[in-house]
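S.K.: give me coordinates for this.
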Amino acid sequence: MAHHHHAKGAEFGPFTFLNPTSRRYPLSWKPPGEDSSSEGTPGKSNDLPKPVEPSRKKNDELRAEEVQRLYRTRDNRKGKSLFLEAHFFTNLSVFAGRHAIVVAPTVEKGKYLTPPSTSTVKETLKGIWRMFSTYPYWDVSYLVAIIFTFGSVIWCINAFFVWLPLQDPSTEFPGEIANAGGITAFIGATIFEFGSILLMIEAVNENRSDCFGWALEEVLEENGLIRLTPDGCTHHHENKKNLVGKGKSVEGKPPLDVNMTHDRPASKSASTWTWFPSWDELRTHYFKEVGFLACLAQMIGATIFWISGFTALPPIYNRLTTVAAQNGAYWAPQVIGGTGFIISGTLFMLETQQKWYLPAPKVLGWHIGVWNLIGGIGFTLCGALGFGAANSGCVYQGSLATFWGSWCFLIGSAIQWFEALDKHPVDIEEGGGRISDTQPVA
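M.R.: The predicted model follows:
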């Protein structure tokens, strides 16, 4: 729901008692020499990178009359800067009571040149190719996606070991369920734990200084026409020298959005990499962030779930000779840890929504949350059915839940991998009309 509507932009979030998760405001730019005084709001001309030498128009670029910047907490963690453009603009007057909004002019008089939409088939295929041709190992978001993808592959292999012999006993080899299944469960749980720790580190190192992420330059052929190109990112993801270090310095910049965070501009964590935030930062900022709470639930869930991975090792599981021991040391951690995955997936999904009841299927992060939510349900169901291990039907359905849950995690992780490399998404508003404050954005 909307939290604020004022000159600086509109803020949205799924819960009014937590910090907003998205905000959009128009891009404003004035040529050098003109008065560019403003309120110091991110997105205004005095906050944007200085224009470079004029260049020529490119064939694949699009004209836009209006460009809106979109700040989202998830994108901020992932080092992404997304902007919206109004394409195919037409003259339009909208009357609501005594308040008139006039949207003009047409696309031929657009003020901006932007890259093409990143939602097309062509750009999507480019993104898929980028997954197999680009390896930014210094980017924590990329490492998180790769680690969870690898861990999900291990869990898919584990699911074959524990479910396929029940489905087709002729395929079973000696020790497949107990040994191969137990060892791969331990490896998969360990990888998930490591990925969750990195996810938490990423969450406490969100960028809190203004990072527009787009360079502005004048186009040679037409006076006043401005090109937007991906450049100027100050997130820590751009630091190739070390994994856990400082991002590019932004001297004199305020927090990314003073209306969306209570952080102090001069705080240590606002400018450097931090391993552990202070209690004051946790209390005043992080505990009010939907994304941080999702990462926290993921890490707690993965830590507890790791217990079941450890006890799944054959030498340990074979010593759990009583039903009470198996329930307490093996099945219960799966249920509790899986519940953490469910909470995490739900919060990641809600973080991308402007209202808690309004899905956002155009947002990649929403799909990541949905698939992780379903995967968490599968893992939780496996543990819950394990309490009825004396029943063959429960054993079969529990193993099957691990199978489809693992594949859901793999799908979500693959989308997250794609997202981690898509740093500058562009969404096109087709069909005329003003960019809506409630329009879901890719």
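S.K.: how close does residue 164 sit to residue 74?
M.R.: 36 Å (C-beta to C-beta, to the nearest Å). In short, each C-beta sits where N, CA and C put it, glycine included.
S.K.: neighbour-wise, which of those two wins?
M.R.: residue 74 (23 against 16; other C-beta atoms under 10 Å).
S.K.: now for the longest helix seen in the chain, which elements pack on it?
M.R.: Assignment by DSSP state H gives helix 392-421 as the longest helix of the chain. In this structure, helix 392-421 packs against helix 121-133, helix 140-167, helix 364-386, with contacts taken as 3 or more C-beta pairs under 8 Å, 6 or more residues apart in numbering; DSSP states H and E.
S.K.: 10 Å instead, please
M.R.: Counting contacts by 3 or more C-beta pairs under 10 Å, 6 or more residues apart in numbering; DSSP states H and E, helix 392-421 packs against helix 73-78, helix 121-133, helix 140-167, helix 181-203, helix 332-351, helix 364-386.
S.K.: just checking, residue 289 touches residue 351?
M.R.: Yes: between residue 289 and residue 351 there is a contact under C-beta atoms under 10 Å: 8.8 Å.
S.K.: on that earlier part again, buried ones in the longest helix of the chain?
M.R.: 394-395, 397-421 (16 or more other C-beta atoms under 10 Å).
S.K.: again with stretch 349-361
M.R.: Judged by neighbour count using 16+ other C-beta under 10 Å, the buried positions of stretch 349-361 are 349-354, 360.
S.K.: which stretches of the protein have low pLDDT?
M.R.: Across the chain, the ranges flagged by pLDDT under 70 are 1-9, 25-67, 78-110, 112-114, 206-225, 227-273, 428-442.
S.K.: OK, contacts around the residue nearest to residue 337 when sequence neighbours are not counted?
M.R.: Leaving aside its chain neighbours, residue 337 sits nearest to residue 305 (2.6 Å; criterion: C-beta to C-beta, 6 or more residues apart in numbering). By C-beta atoms under 10 Å, 6 or more residues apart in numbering, the contact list for residue 305 reads 185, 188-189, 192-193, 196, 333-341, 376, 379-380, 383.
S.K.: distance of residue 305 relative to residue 139?
M.R.: 26 Å.
S.K.: again, but for residue 17
M.R.: For residue 17, the distance to residue 139 equals 33 Å [C-beta to C-beta].
S.K.: these two: which is more packed in?
M.R.: residue 139 (25 against 6).
S.K.: assess the claim that the more buried one and residue 417 are in contact.
M.R.: No: using C-beta under 10 Å, residue 139 is not in contact with residue 417, being 11.4 Å away.
S.K.: between those two, which contacts overlap?
M.R.: Counting by C-beta under 10 Å, 6+ apart, the residues touching both residue 139 and residue 417 are 145-146.
S.K.: so residue 427 belongs to a helix, correct?
M.R.: No: read with DSSP: H, G, I helix; E, B strand; the rest coil, residue 427 is strand and lies in no helix.
S.K.: residues contacting residue 317?
M.R.: By C-beta under 10 Å, 6+ apart, the contact set of residue 317 is 178-179, 181-182, 185, 308, 310-311, 325-326, 329-330.
S.K.: residue 389: what's it in contact with?
M.R.: Contact partners of residue 389, counting by C-beta under 10 Å, 6+ apart, are 323, 326-327, 330-331, 395, 398.
S.K.: wait, residue 381 touches residue 331, no?
M.R.: No: with contact defined as C-beta under 10 Å, residue 381 does not reach residue 331; the gap is 11.5 Å.
S.K.: where do the contact lists of those two overlap?
M.R.: Taking C-beta under 10 Å, 6+ apart as the contact rule, residue 381 and residue 331 both touch residue 398.
S.K.: quick one: residue 71 is in a strand?
M.R.: Yes: the assignment for residue 71 is a strand, going by three-state DSSP.
S.K.: does it touch residue 19 like I think?
M.R.: No: taking contacts as C-beta under 10 Å, residue 71 lies outside contact range of residue 19: 11.7 Å.
S.K.: circling back: dump the helices and strands packed on helix 392-421 to a markdown table, plus distance to residue 174.
M.R.: Supplementary listing: the helices and strands packed on helix 392-421 in a markdown table, determined by distance: least, C-beta to C-beta, whole Å:
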| stretch | distance to residue 174 |
| --- | --- |
| helix 73-78 | 45 |
| helix 121-133 | 37 |
| helix 140-167 | 11 |
| helix 181-203 | 13 |
| helix 332-351 | 25 |
| helix 364-386 | 23 |
